[in-house]
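Chemist: whatever this is, show me its structure:
(one chain, ligands or ions: 3)
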Amino acid sequence: LPLHTAVSVRSRSWCCYASLSVPQPQAKPQLLNGNPPSRPADRKEIRLGLPSKGRMSADTLELLKNCQLSVKQVNPRQYVAEIPQLSNLEVWFQRPKDIVRKLLSGDLDLGIVGLDTVSEHGQSNEDLIIVHEALEYGDCRLSLAIPQYGIFENVNSLEELAKMPQWTEDKPLRVATGFTYLGPKFMKESGLKHVTFSTADGALEAAPAMGIADAILDLVSSGTTLKENNLKEIKGGVVLESQAVLIASRKSMIQRKGVLETTHEMLERLEAHLRAIGQFTVTANMRGSSAEEVAERILSQPSLAGLQGPTVSPVFCKRDGKVTADYYAIVICVPKKALYKSIQQLRAIGGSGVLISPLTYIFDEETPRWRQLLSELGL
Ligand SMILES: Nc1ncnc2c1ncn2[C@@H]1O[C@H](COP(=O)(O)OP(=O)(O)OP(=O)(O)O)[C@@H](O)[C@H]1O
Ligand SMILES: O=P(O)(O)OC[C@H]1O[C@H](OP(=O)(O)OP(=O)(O)O)[C@H](O)[C@@H]1O
Ligand SMILES: [Mg+2]
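Modeler: Numbers count the residues shown, from 1 in each chain. Ligands and ions are numbered 1, 2, ... in the order given. Below you'll find the predicted structure:
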């Protein structure tokens, strides 16, 4: 019977193809390196999802470029690209929420999106792992906001909002939000009983003035949009602080060849770069009688200790036929914020010819996040 069934189904489908007299337009598969796309289960390539547009997109490409992981995209409307530094990796440009969905469905292995998107669309799914939780861009918060006017004029906290007599079972607080998972969860955890939600894709700040909602729950960064729409945040109303994060599928890291290694390389470069962007390398010359004496002078200044103490090297010159070292070259790392104070302190102890250079990477002996990831994966 199985054989018979197989044959008959096959012949039926042959018939079906034969009856199509008009050639059908076929969706042209997107080719990467000349290869047709493979099915999720048997694909060999590693896939990284990056935001295709919106405010995260340019900053994500910029960060990767600064980590020497430039994305090679043929043109902005092509959704597939590569990072030549990472072999066997495909980059797919997708909307942030689709990146999270596709990580869960196994169609992507890694992704960069805002923490808000992971929390909303990942819904604490165990397969999603946040590999780097602070990529230092896309900063915003998911926050509850209410009108500055009318019955809300003297309401400044979530507690006060909850206590307002206006909210009853028949007439609940109406909240407009795009965060239909996190919103109700937050309100429930905050003990607000009489609440209903409505949703929209954008421009939520208009909802209270339009009479559609009493409050909104949306992303805030500078606060300008709220202010321009006569809305205010309230104490205790922040659901989540968000910034860009690197996420990965647990299943992919464990099962798909090469995903864990690629995650490690990306993590190392990201950590080393993000550590470096806060620092400058400072080199200077100092007159001194010995390297130790120069080092002592440097270490007497609070802003000049560097990451692991100063490097001091003799600068040799020939005088009266003899090779001597009257000067020493010093190299230290200085936090960008403390740069001017450091220069003043260097000058005060006799530093001259001060050169400042940006740093690309600071590699530690070991990356703490990598250890954490391995333990989370049980490896
Ligand atoms: N005002 C903001 N300031 C900083 N980061 C923000 C701000 N708004 C959003 N973000 C971050 O950028 C991510 C992408 O937001 P963006 O508005 O580009 O796309 P989206 O809202 O997901 O889609 P769309 O608005 O096109 O429907 C958000 O998930 C969040 O992490
Ligand atoms: O605090 P601010 O700096 O003013 O930023 C907050 C605004 O930015 C986002 O909107 P976006 O620009 O993405 O428009 P959208 O509503 O169409 O998503 C967010 O939804 C807020 O409306
Ligand atoms: Mg938006």
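Chemist: the residue in the stretch 151-300 of the chain positioned nearest to ligand 1: what's it in contact with?
Modeler: Proximity of the stretch 151-300 of the chain to ligand 1 (Cβ to the nearest ligand atom) peaks at Ser221, 3.0 Å away. Just so you know, the C-beta spots here come from the backbone N, C-alpha and C atoms, and that holds for glycine as well. Counting by Cβ atoms under 8 Å, 6 or more residues apart in numbering, Ser221 touches Asp139, Cys140, Arg141.
Chemist: check the secondary structure at the last one for me.
Modeler: Spelled out, it's Arg141. Assigned state for Arg141: strand (three-state reduction, DSSP: H, G, I helix; E, B strand; the rest coil).
Chemist: that one touches Val220, doesn't it?
Modeler: Yes - at 5.5 Å, Arg141 counts as touching Val220 under the criterion of Cβ atoms under 8 Å.
Chemist: nearest residue to Gly236 other than its sequence neighbours?
Modeler: In space, Gly236 comes closest to Leu158 once its chain neighbours are excluded; the distance is 3.7 Å by Cβ to Cβ, 6 or more residues apart in numbering.
Chemist: what about that neighbour, neighbour count?
Modeler: The tally of other residues near Leu158 (other Cβ atoms under 10 Å) stands at 20.
Chemist: isn't it right up against Lys235?
Modeler: Yes - at 6.7 Å, Leu158 and Lys235 qualify as touching, with contact defined as Cβ under 8 Å.
Chemist: could you find the closest non-adjacent residue to Thr117?
Modeler: Counting by Cβ to Cβ, 6+ apart, the residue nearest Thr117 is Pro96, at 4.4 Å.
Chemist: my guess is the one you found contacts Ser119, does it?
Modeler: No - here Pro96 does not reach Ser119: they are 11.8 Å apart, not a contact under Cβ under 8 Å.
Chemist: the two: which is more packed in?
Modeler: Using other Cβ under 10 Å, the more surrounded residue of Pro96 and Ser119 is Pro96, with 28 against 22.
Chemist: looking at the residue sitting furthest away from the middle of the chain now. What's its pLDDT?
Modeler: Here the chain reaches farthest from its C-alpha mean at Asp320, the gap being 59.8 Å by Cα atoms, centre = their mean. The model reports Asp320 with a pLDDT of 89.
Chemist: same question, the one 4 residues further on
Modeler: In this prediction, Thr324 carries a pLDDT score of 88.
Chemist: from what I see, it and Ser290 are in contact.
Modeler: No - Thr324 is not in contact with Ser290 according to Cβ under 8 Å; the separation is 11.9 Å.
Chemist: contacts for stretch 323-336?
Modeler: Residues outside stretch 323-336 that contact it (Cβ under 8 Å, 6+ apart) are 277-288, 291, 294, 298, 303-307, 310-318, 342, 351, 359, 362.
Chemist: please save the CA atoms from the helix or strand harbouring Val238 in CSV.
Modeler: Assigned by DSSP states H and E, Val238 falls within strand 231-242. Output in CSV follows, covering the C-alpha atoms of strand 231-242 (Å, rounded to 0.1, in the frame of the first residue of the first chain):
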residue,chain,number,x,y,z
LEU,A,231,2.2,63.9,28.3
LYS,A,232,4.4,63.0,31.3
GLU,A,233,6.1,60.0,32.7
ILE,A,234,5.4,58.9,36.3
LYS,A,235,7.4,57.5,39.2
GLY,A,236,7.4,53.7,39.0
GLY,A,237,6.2,53.6,35.4
VAL,A,238,9.3,52.4,33.7
VAL,A,239,8.8,48.8,32.5
LEU,A,240,12.2,48.3,31.0
GLU,A,241,15.5,50.1,30.2
SER,A,242,16.6,49.1,26.7
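Chemist: is it in proximity to ligand 1?
Modeler: Yes - shown here: strand 231-242 in contact with ligand 1 (Cβ under 6 Å from any ligand atom) through Ser242.
Chemist: give the other helices and strands that that strand contacts.
Modeler: helix 115-122, strand 140-147, helix 158-163, helix 182-189, strand 215-220 (3 or more Cβ pairs under 8 Å, 6 or more residues apart in numbering; DSSP states H and E).
Chemist: in contact with the residue nearest to Arg297 when sequence neighbours are not counted, which residues?
Modeler: Closest residue to Arg297 apart from its sequence neighbours, by Cβ to Cβ, 6+ apart: Ile349 at 4.6 Å. By Cβ under 8 Å, 6+ apart, the contact list for Ile349 reads Met286, Arg297, Ile298, Ser300, Gln301.
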